[in-house]
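J.: my questions are about this predicted structure, shown below with the sequence.
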Amino acid sequence: MIEPHNWGRWGADDERGTLNLLTPEVVLAAMGSVRQGRVVSLALPIRGSTSSPARLGVPHLPGRPLPQHFMSVDGADYAAGVRPIGPGVCVCDDALVVSPHGTTTHLDALCHMWTGDKLYNGHDAARVRSYGATRCGIDKAGGIVTRGVFLDVAAALGVPHLDGGFRIGADLLDGADIRPGDAVVIRTGWPLVHASDPGRYQHPQPGLSYEAGLWLAERDVALVAMDNAAIAALDDHGRCTEPLEEDLHLLFLWRHGIHLLEMLWLEELATLGATEFLFMLAPLTVEGGTASPVNPLAVL
């Protein structure tokens, strides 16, 4: 049985975990990270699979349903969605169906993974039902504004991207200026592989080691964000191979109440030389959702 941590730290009813560290004082201090006034998106684009090149054009894990984007209110063609509202004036509607896990930039809720019969903080896992999670859903996260710390591991090792299956050790993070409440953003460069070889992207991926996960959790980070698909390294079948007691989703989400932000696009940020910035994120208030598609922002 994995021993839980942070349970009860913010009270028996807590559903936000280390996001509770984002006090007004922490948010105000994070504002001091802004130097240029430049805003950089850290999100991959959402391209619906109804567009013919989308299947090959967006990094995603195999077997996951790709976003469906319809340029119409009824799922038909574009023209059917255009409604005249006056002489020479039209309005067009569209619809989007998206399952965030494994298909787009997203924030995992604390109800996304658990073991035994308890969610984070001891909430009953039976509260996760077909209509959603009534405890620890993504709607409990709220807006997130804090200091962001950028750790470009691939650049530090002198490579465009880490190799598939590579595990980032705590030694590669040691020395970083990490403070309680920080959003730690880690670059592996793995999305670059998809551009040159989509098939290779869906095979072993690099990720954090368990020791690196412990290192971050011990520093009271608010969330961990990466450009790979699962924070941890994945094998040929898209699975983590660590034993249950070293599973990073359980370590972060279940034991420590640390939200996870996955499938980022960090290539623009990597060219700008910033190591800290103001991090901003507003997950959708999907009641009982296990995740939300997001567009995280770095304000430099």
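T.: Received, thanks. Numbers count the residues shown, from 1 in each chain.
J.: now G164: closest residue in space, sequence neighbours ignored.
T.: In space, and not counting its chain neighbours, G164 is closest to P204: 3.5 Å by C-beta to C-beta, 6 or more residues apart in numbering. (Each C-beta comes from the backbone N, C-alpha and C, glycine too.)
J.: repeat that for L61.
T.: Leaving aside its sequence neighbours, L61 sits nearest to G102 (C-beta to C-beta, 6+ apart; 3.7 Å).
J.: likewise for P67?
T.: V98 is the one closest to P67 (C-beta to C-beta, 6+ apart), at 4.2 Å.
J.: measure the one you found to V294 for me?
T.: Distance check for V98 against V294: by C-beta to C-beta, to the nearest Å, it reads 11 Å.
J.: between the two, which one's more packed in?
T.: Ranked by neighbour count (other C-beta atoms under 10 Å), V98 and V294 place V294 first, with 25 against 16.
J.: do you know how far that one is from T105?
T.: From V294 to T105 the distance is 6 Å (C-beta to C-beta).
J.: repeat for Y201
T.: Distance from Y201 to T105, by C-beta to C-beta: 15 Å.
J.: which sections of the stretch 1-150 of the chain are below the confidence cut-off?
T.: Segments of the stretch 1-150 of the chain classed as low confidence (criterion: pLDDT under 70) are 1-3, 48-57, 62-63, 70-92.
J.: coming back round to it: could you tell me which residues touch both of V294 and T105?
T.: Both V294 and T105 are in contact with A43, L261, where contact means C-beta atoms under 8 Å, 6 or more residues apart in numbering.
J.: isn't V224 right up against L173?
T.: No. V224 is beyond contact range of L173, at 10.7 Å (criterion: C-beta atoms under 8 Å).
J.: the two: who's more crowded?
T.: Between V224 and L173, V224 has the larger neighbour count (other C-beta under 10 Å), namely 27 against 23.
J.: from L248, how far out is that one?
T.: For V224 relative to L248 (C-beta to C-beta), the value is 9 Å.
J.: please identify every residue contacting each of those two.
T.: Going by C-beta under 8 Å, 6+ apart, residues that sit against V224 and also against L248 are L208, G213, I231.
J.: the second one in helix, strand or coil?
T.: Meaning G213. helix (DSSP: H, G, I helix; E, B strand; the rest coil).
J.: now for it: which residues touch it?
T.: For G213, counting by C-beta under 8 Å, 6+ apart, the contacting residues are V224, I231, A232, L248, L251, F252.
J.: mind redoing it with 10 Å?
T.: Contacts of G213 were listed using C-beta atoms under 10 Å, 6 or more residues apart in numbering, and they are 168, 170, 173, 207, 224, 231-232, 242, 246-252, 255-256, 258.
J.: how distant is the lengthiest strand in the chain from the center of its chain?
T.: Ordering each strand of the chain by length in residues (DSSP state E) puts strand 144-152 first. Centre-to-centre, strand 144-152 and its host chain are 13 Å apart (C-alpha atoms, centre = their mean, to the nearest Å).
J.: which other helices and strands does it contact?
T.: Packed against strand 144-152, as judged by 3 or more C-beta pairs under 10 Å, 6 or more residues apart in numbering; DSSP states H and E, are the following elements: helix 24-30, strand 183-187, strand 223-226, helix 267-271, strand 276-281, strand 297-299.
J.: tilt between that strand and strand 183-187?
T.: In terms of direction (axes from the mean of the first three to the mean of the last three C-alpha atoms, to 10 degrees), strand 144-152 departs from strand 183-187 by 30 degrees.
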